[in-house]
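Chemist: Need a 3D model of the sequence below.
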Amino acid sequence: SWGTTAEPDGNVVECFEPSPAFGESPTLFAGTAAGLWRSDDGGQSWNAVDGLPAANVVDIALAPAFPDDPTLSVIAGSSEVYRSTDGGGTWEIVVPVQPSIDPGVLAIAPDFELDRMWVGTVGGSVLLSDDRGESWVQVTPQLGPGQPLEEPVQDILPLSANEVLAIASDHAVLCSSNGG
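Modeler: The predicted structure is shown next:
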């Protein structure tokens with residue numbers, strides 16, 4: 001059966017992410033047009049996460065060891081990627097707005113192995129960071145020789161630090177065995 005939980009201050013939820021330790025600590029994050037919200041009781045009540053310098057949160061990624069490693073990243077504002085290493089108390093931009101890059105989805109390697117993160121873009125490219133978002137390289141998926149992906153990346157699913165799946169809006173599922 002299904003029931004409802006409280007909405008974060010009446011805002012429409014665009015995305016949400018449960019803590020990897022949800023069974024022990026029922027923390028949820030929800031992204032809305034008004035910003036980022038946190039619930040520590042499984043969604044029964046919500047508090048705004050103050051300090052994020054942008055609203056319109058469209059994706060959230062938590063460190064696999066959250067809450068022991070309180071790192072979280074969000075795509076917000078005009079498609080900037082922000083990172084907090086203190087559970088949302090302070091934020092820094094790790095991927096600023098760039099005309100050629102329009103982030104749409106975030107993913108973090110299981111166990112933050114190799115400190116690896118990915119950002120999928122609306123233009124079909126994937127950005128890869130091996131230092132928790134300090135620097136990024138573009139690793140555009142290929143549909144075949146000389147055929148770069150040009151469809152928006154809808155989701156990224158890391159199976160390990162090296163094995164990662166990307167799903168494009170044309171329903172193509174792409175896989176990499178070297179992290180991208």
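
Chemist: for L128, what are its contacts?
Modeler: 116-118, 136-139, 179-180 (C-beta atoms under 8 Å, 6 or more residues apart in numbering). For the C-beta atoms, the positions are set from N, CA and C on the backbone; glycine is no exception.

Chemist: I'd like these as JSON lines, with secondary structure and neighbour count appended.
Modeler: Shown next, in JSON lines, are the contacts of L128 (DSSP: H, G, I helix; E, B strand; the rest coil; neighbours: other C-beta atoms under 10 Å):
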{"residue": "R116", "secondary structure": "coil", "neighbour count": "23"}
{"residue": "M117", "secondary structure": "strand", "neighbour count": "29"}
{"residue": "W118", "secondary structure": "strand", "neighbour count": "25"}
{"residue": "W136", "secondary structure": "coil", "neighbour count": "19"}
{"residue": "V137", "secondary structure": "strand", "neighbour count": "10"}
{"residue": "Q138", "secondary structure": "strand", "neighbour count": "13"}
{"residue": "V139", "secondary structure": "coil", "neighbour count": "17"}
{"residue": "G179", "secondary structure": "coil", "neighbour count": "19"}
{"residue": "G180", "secondary structure": "coil", "neighbour count": "21"}
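
Chemist: Show me the beta-bridge partners of the residue nearest to the spatial centre of the chain.
Modeler: By C-alpha atoms, centre = their mean, the chain has its centre lying nearest to L106, at 2.9 Å. L106 has these beta-bridge partners by DSSP bridges: V119.

Chemist: That one reaches I60, doesn't it?
Modeler: Yes: shown here, L106 and I60 form a contact pair, counting by C-beta atoms under 8 Å, at 7.1 Å.

Chemist: intersection of neighbour lists for these two?
Modeler: 73-74.

Chemist: what residue ranges in this protein score low on pLDDT?
Modeler: 97-100, 113-114 (pLDDT under 70).

Chemist: One more pass at 90, please.
Modeler: For the chain, residues meeting the criterion pLDDT under 90 lie at 1-14, 25, 50-51, 53-55, 64, 76-80, 94-129, 131-162, 164-176, 179-180.

Chemist: Check the contacts of L128 and tell me the two furthest apart.
Modeler: By the measure C-beta to C-beta, R116 and Q138 form the most distant pair in those, at 14.8 Å.

Chemist: Now do the SS call for R132.
Modeler: Following DSSP: H, G, I helix; E, B strand; the rest coil, R132 is assigned to coil.
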